[in-house]
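1. test case, fold it:
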Amino acid sequence: MADVELVKKMLRAVLQANKSGVSLSRLQSEYKELTGEQIPHKQMGHNHLDALLASMPTLVRIERNRSGETMCFASGSNETAHLAKVVARQRSSKKTGRPHLVNTQMRVKPAAPLVLNGKILDHHFGAFASINTSTQLLSLAESIGKRNLNFGCEYVVLSFFRPSIFFDSNQPSVYFKTQLWRKAIIMQSTSFRGEKMRVVEAVIASPLNLNESPGSGKGKPYNPQQVQGRIREILGKYSNGFWVSKLPQIYRELYKQDLPTESIKDLETWTHICTVCYFARLTRSGSRSPHPDLKLKLEELLVKYSNGLWAHALPKLFQDTYKVSNPLKHYHINNLHLLSDICTIDYPMPDNPKRAILYRRSSTGVGEGEDENCNRRNSSISEEELMVRQELGRRLSNHAVPSLQIPKEEYPSVLVVEATNTNAVILRYIGEGYSQAQESMEDEMREFYGLDQSSPCPLSSLSSGQLVAVRAEEEEEILRAQVCEVMADKVKVYYVDHGFSEVISKTKVFELHEKFFQLPFQATKCKLAGLGPFCQEPAVLKKFETMASGRILLAEILERGQTPLVVLYDTSQDDDVNINAACMKALQDKTLASPLQVNSAYMNVTVSSVCSDGTVYCQLPSRGLAKLNEILENIETYFHSQVTSEFLVSRPFCGKGCLARYKGKWSRVEITNLHGSRVLDILFIDVGVQASVEVFELREIPPPFLRDLMAIPPQAVKCCLADLAVSVGSWTPDAVQWLREKVLNTTDCSMKVAKVDETKRCIYIHLFTDKSFHDPARSLNHQMAQSDLFKQRPDVFLTSGGGNTTTTTTTSPPETPSSPSSSLQLPPLLELPPAGNNIDVYVSVACHPGHFVLQPWRDMYKLVVLMGEMILYYNKTEQKPLNIEKNQIYAAKVENNWHRVLVKGVLTNGLVSVYELDYGKHELVSCTQLRPLIKEFRQLPFQGITAQLAGLKPRQWSEEASIVFRNHVEKKPLVAQLEAVQEAANPWDRKLTVFLVDTSQEERDIWVHDIMAEFADELTNEL
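-> This is a model prediction of the structure:
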């Protein structure tokens, strides 16, 4: 039930701040801005806001202006009229001299300051300097008055013993004393756990008549010692202080007596008891520098999201993480510049300033910049290691072995050697400069340490840590090794390029020649992402040994450092296998899985998801489901008690298990795909629902619950309806919708297992909406088979996508056809520099020197942001019938991404030929995967622009020449020197003539046209 008196006080504050009246709609918004809540008219027994206001004639007067708009005015009273007059004079005052410092009833309450050790620590507005003299105070007030600003004062009694008046010199919130000191603001105190703070009202604790003489008899004699003792007791109860206007009420409730009026005046002089602090707030917004504590927390969040954080997500993320009530209200989307000393603010969508990204401001750079320089840091580490080695032996002949550099590519191939700990997996990189260089070195070593008379003799003296050359047991290979342990006639060595140890005879150990110090040690270590807490778990290590040891895998490098953090993939099969995720699944307790047997019936089944391809996900009662629900409830409680950024997901990767909100509660998810660094696809593994979310919506599983939660297998069982003529993937939208309406809101379904398909990991079932599983005729399978739900309409094409959304489209126009493209304008043209200037570019497609596609490097991140936004938008919207027209632009889903495309042709089989306007690729997609390209996604210029290579004569390029060209430029960042621009009516028909230069080599720049000209000449000579 709403607090009626509180609502009235808030309404009065809003109305009195708008002496010329406020419209009904503005009243609601200003009330919300003041309190953080809507006016609760329904809770107060009124269906409409105007009905509530009509019931308060002493508070509000309602009139209609000339245009018929309903206006609200504060009802007149002596007190309000007086304050309104003072406020009016204050706003229009242009007089010189000392301004009148007065109180108003319009307030926005800052966070309740915490008084500790003689300082006010305000988590919103900063640490405040103190003004100890009235001269300083009046000087400050005078300077404020000259700016014609609006201000008021508030004061509070705090349990603190040094009299001070505080203000923040950098903020529009100023704390100062006025002569009309008995006018106070009552404000509800706020706890430090972040409950909502609300302004209550301005109340005159004791009417002040400036013409009143001291002997007028208003004040009565009282016992100061008794009142002081009682105030001491009150301060002991309210250790964080309280508003002065509450003092009479508190005093009356505790001591059953009225507080003597004169004692309020004397409070200021009782500095041995308390301090009276006076607060004022300027109503004009100004530059506001964040409080150091607020700044620290913001930086902490931006460190977590080193790839950027959407500004619109910041307030809620801050509130959820630190359990405070909207401390960022002054830094809303239009005032982001106030955060510029904390972060860099970028607007990747220029025509939409509300879509801003915040990056941590750092002199050393963040994110990818750190990754690029990590090898340089490693070099300094390796120097320290080399000093140790030199100290160990003097046998290094003063030759240093360089440190191994992590490959520049994001997905290098690796040979996994072994792992006794997932935080120290031994592997070797495959490729040029790594395994190939090692093979060349070992071939050279085999020749150098041959079996002829001139070969080096075995070493007679060995010591631990010494680098040596070792003849392997097969008598053929000579390998580099480091001595681990010296025994009587044997020695234990570690092969530094192969990552394993062996005990061998001393006669097989030779001095390592200086020329074999040049190649870095090839055996290195990595950490497997997500497996840290279970790095030595036997089940995990056994699974890893089975799936990875001795195999060449693909490594996704998440963090570059001395021991890189990686995700390993086995790409040898039709579907890529995530090794990290598979090892994590080894922790699952199979006894907690849903029990399923053929010909068995199960009741109390919940159908949690029906996909558009006909796949059904069910939850069955089991020990695992009961335990899961219990743990998730405990996690909800745990998160409410934690004030930390520790659980924010800062490094997402495919296969990672974490938490996300599903129907308002935390639920387990697995990340299935990443679109850049901020948008990703997830699967709610216990309900079978797929979704696209932003990374800030995810949370790490708290460590106290991690092991128990990982032990529970996914509770969503993938099922297909048995005995249907139509297979999964060929369902009509009508059939999908019919099944959803039947089962999604039913909690007492039953099912009977017909078949278990292990290869497809799918259970074929008969599904019932009641417990009649003994009668097949009552199954939903039978009802659907007897219906017309699976009859294809001639104008409908279907998708086999696994989402929950229904997708339909038509090849013929609906009754009122509309072209989604013709009525909307195209994006602006891509800006190009004058001829002769250079552009950093990325070559996305290269057919031959006469036709390739460039993307400007400077705006690449904007395209990534745009595509992320398209994924979030289109993956959440239902498909509607769409009239697809040739030569019009649309959004199209290609694989897992949404692209801006131009339709080149509509085929009769339901496929559409499209051209990706940002990448220059041609694709065939189902017509069900097209959507209208909304205005928001038409602001960024199309990023793909066709080009031809300058400096060459036009010719018909052979396939061999085209391959050479592609190998030099495709998927590479280059520098393009603009020679000419061929303009056209449409942006996708523009064509550039450019020179391409590869500047990746430090020694020289490679001009691609020189290579192609030389190659063309060679072909001509051959002919």
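2. going by C-alpha atoms from here, please, whenever you check contacts or count neighbours.
-> OK.
3. which element is I231 on?
-> Here I231 sits within helix 224-237, counting by DSSP states H and E.
4. could you dump that helix to CSV, C-alpha only?
-> This file holds the C-alpha atoms of helix 224-237, laid out as CSV (Å, rounded to 0.1, in the frame of the first residue of the first chain):
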residue,chain,number,x,y,z
PRO,A,224,19.1,21.9,28.6
GLN,A,225,21.0,19.1,30.4
GLN,A,226,17.9,16.8,30.2
VAL,A,227,17.4,17.5,26.5
GLN,A,228,21.1,17.1,25.8
GLY,A,229,21.2,13.7,27.5
ARG,A,230,18.2,12.6,25.6
ILE,A,231,19.7,13.7,22.3
ARG,A,232,22.8,11.8,23.2
GLU,A,233,20.6,8.7,23.6
ILE,A,234,18.9,9.3,20.2
LEU,A,235,22.3,9.7,18.5
GLY,A,236,23.3,6.4,20.0
LYS,A,237,20.3,4.8,18.3
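5. continuing past that helix, what's the next helix or strand?
-> Helix 224-237 is succeeded, C-terminally, by strand 242-243 (DSSP H and E).
6. show me what that following strand is packed up against.
-> Counting by 3 or more CA pairs under 8 Å, 6 or more residues apart in numbering; DSSP states H and E, the packing neighbours recorded for strand 242-243 are strand 153-158, strand 183-187.
7. please, where are all the helices along the stretch 351-500 of the chain?
-> When secondary structure is read from DSSP state H, counting those that start in this stretch, the stretch 351-500 of the chain shows helices at 368-393, 435-448.
8. dump the shortest one to PDB, restricted to CA.
-> As requested, C-alpha coordinates have been extracted for helix 435-448 and formatted as PDB (Å, rounded to 0.1, in the frame of the first residue of the first chain):
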ATOM      1  CA  SER A 435      57.600 -27.100 -36.100                       C
ATOM      2  CA  GLN A 436      59.100 -26.500 -39.500                       C
ATOM      3  CA  ALA A 437      62.100 -24.600 -38.100                       C
ATOM      4  CA  GLN A 438      62.500 -27.300 -35.500                       C
ATOM      5  CA  GLU A 439      62.600 -30.100 -38.100                       C
ATOM      6  CA  SER A 440      65.200 -28.100 -40.100                       C
ATOM      7  CA  MET A 441      67.400 -27.600 -37.000                       C
ATOM      8  CA  GLU A 442      67.200 -31.300 -36.000                       C
ATOM      9  CA  ASP A 443      68.100 -32.300 -39.600                       C
ATOM     10  CA  GLU A 444      71.200 -30.100 -39.300                       C
ATOM     11  CA  MET A 445      72.000 -31.500 -35.800                       C
ATOM     12  CA  ARG A 446      71.800 -35.100 -37.200                       C
ATOM     13  CA  GLU A 447      74.500 -34.200 -39.800                       C
ATOM     14  CA  PHE A 448      76.600 -32.200 -37.300                       C
END
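9. mind listing what's buried in it?
-> 435, 437-438, 441-442, 445-446 (16 or more other CA atoms under 10 Å).
10. where does confidence bottom out across those residues?
-> On pLDDT alone, R446 ranks lowest of the buried residues of helix 435-448, at 88.
11. now for the residue nearest to that one when sequence neighbours are not counted: which residues touch it?
-> Once flanking residues are discounted, R446 sits nearest to I478: 5.5 Å by CA to CA, 6 or more residues apart in numbering. Contact partners of I478, counting by CA atoms under 8 Å, 6 or more residues apart in numbering, are 442, 445-446, 449, 469-472.
12. next: V7.
-> Here V7 is in contact with I39 (CA under 8 Å, 6+ apart).
13. ok, now E476?
-> Counting by CA under 8 Å, 6+ apart, E476 has contacts R446.
14. before we move on, the earlier item: from the buried residues of helix 435-448, which is closest to A626?
-> Nearest to A626, judged by CA to CA, of these is S435 at 51.1 Å.
15. ok, the closest one to W270 distance?
-> 82 Å (CA to CA, to the nearest Å).
16. mean pLDDT for the helices and strands packed on strand 242-243: which is lowest?
-> strand 183-187 (a mean of 30).
17. any low-confidence regions in the stretch 101-250 of the chain?
-> Applying pLDDT under 70 to the stretch 101-250 of the chain flags residues 101-220, 239-240.
18. go again using 50 as the cut-off
-> Along the stretch 101-250 of the chain, segments meeting pLDDT under 50 span 101-219.
19. related to what we said a few turns ago, pLDDT at the residue nearest to R446, what is it?
-> Value listed for I478 in the pLDDT field: 90.
20. also E697?
-> Reading off the model, E697 has pLDDT 92.
21. what does F279 give?
-> Model confidence at F279 (pLDDT) stands at 47.
22. equivalent analysis for E959, please.
-> 88.
23. over to P533?
-> At P533, the pLDDT recorded in the model is 93.
24. what's the answer for Y305, then?
-> 83.
25. distance of the residue nearest to R446 from T507?
-> Counting by CA to CA, the gap from I478 to T507 is 13 Å.
26. spit out the contact partners of the residue nearest to E697 when sequence neighbours are not counted.
-> Nearest residue to E697, sequence neighbours excluded (CA to CA, 6+ apart): A660, at 6.3 Å. Shown in contact with A660 (CA under 8 Å, 6+ apart): 666-669, 697-699.
27. got it, and F965?
-> 846, 848-849, 1012.
28. and E970, by the same measure?
-> By CA under 8 Å, 6+ apart, the neighbours of E970 are 843-846.
29. for these, which one is nearest M56?
-> Of all the contacts of E970, M56 sits closest to S844, with 67.7 Å by CA to CA.
30. that closest one: which element?
-> strand 838-848.
31. what is whichever helix or strand comes after that strand packed up against?
-> As assigned by DSSP H and E, the chain's next helix or strand after strand 838-848 is strand 851-856. Contacts defined by 3+ CA pairs under 8 Å, 6+ apart place strand 851-856 against strand 838-848, strand 945-949.
32. who does the last one pair up with?
-> Right, strand 945-949. strand 851-856 (antiparallel), strand 991-998 (parallel) (DSSP bridges).
33. possible to save those strands as a markdown table with mean pLDDT and mean neighbour count?
-> What follows is the strands paired with strand 945-949, written out as a markdown table (pLDDT from 0 to 100; neighbours: other CA atoms under 10 Å):
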| stretch | mean pLDDT | mean neighbour count |
| --- | --- | --- |
| strand 851-856 | 95 | 22 |
| strand 991-998 | 95 | 21 |
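34. and P248, how far is that from A313?
-> 43 Å.
35. more neighbours, the two?
-> Higher neighbour count among P248 and A313: P248, with 16 against 13, using other CA atoms under 10 Å.
36. what about the more buried one, which SS state?
-> helix (DSSP: H, G, I helix; E, B strand; the rest coil).
37. same question, the one 3 residues further on
-> Following three-state DSSP, we place Y251 in the helix state.
38. would you confirm that it contacts D258?
-> Yes. Using CA atoms under 8 Å, Y251 is in contact with D258, at 6.9 Å.
39. more crowded one of the two?
-> Neighbours of Y251 and D258, each counted by other CA under 10 Å, are more numerous for Y251; the result is 18 against 12.
40. before we move on, back to that, V14: which of the contacts of A660 is nearest?
-> In terms of CA to CA, no member of the contacts of A660 lies closer to V14 than E697, at 35.5 Å.
41. count of neighbours near that closest one?
-> 14.
42. quick one, what contacts A593?
-> Counted by CA under 8 Å, 6+ apart, A593 has contacts 622-624, 712-715.
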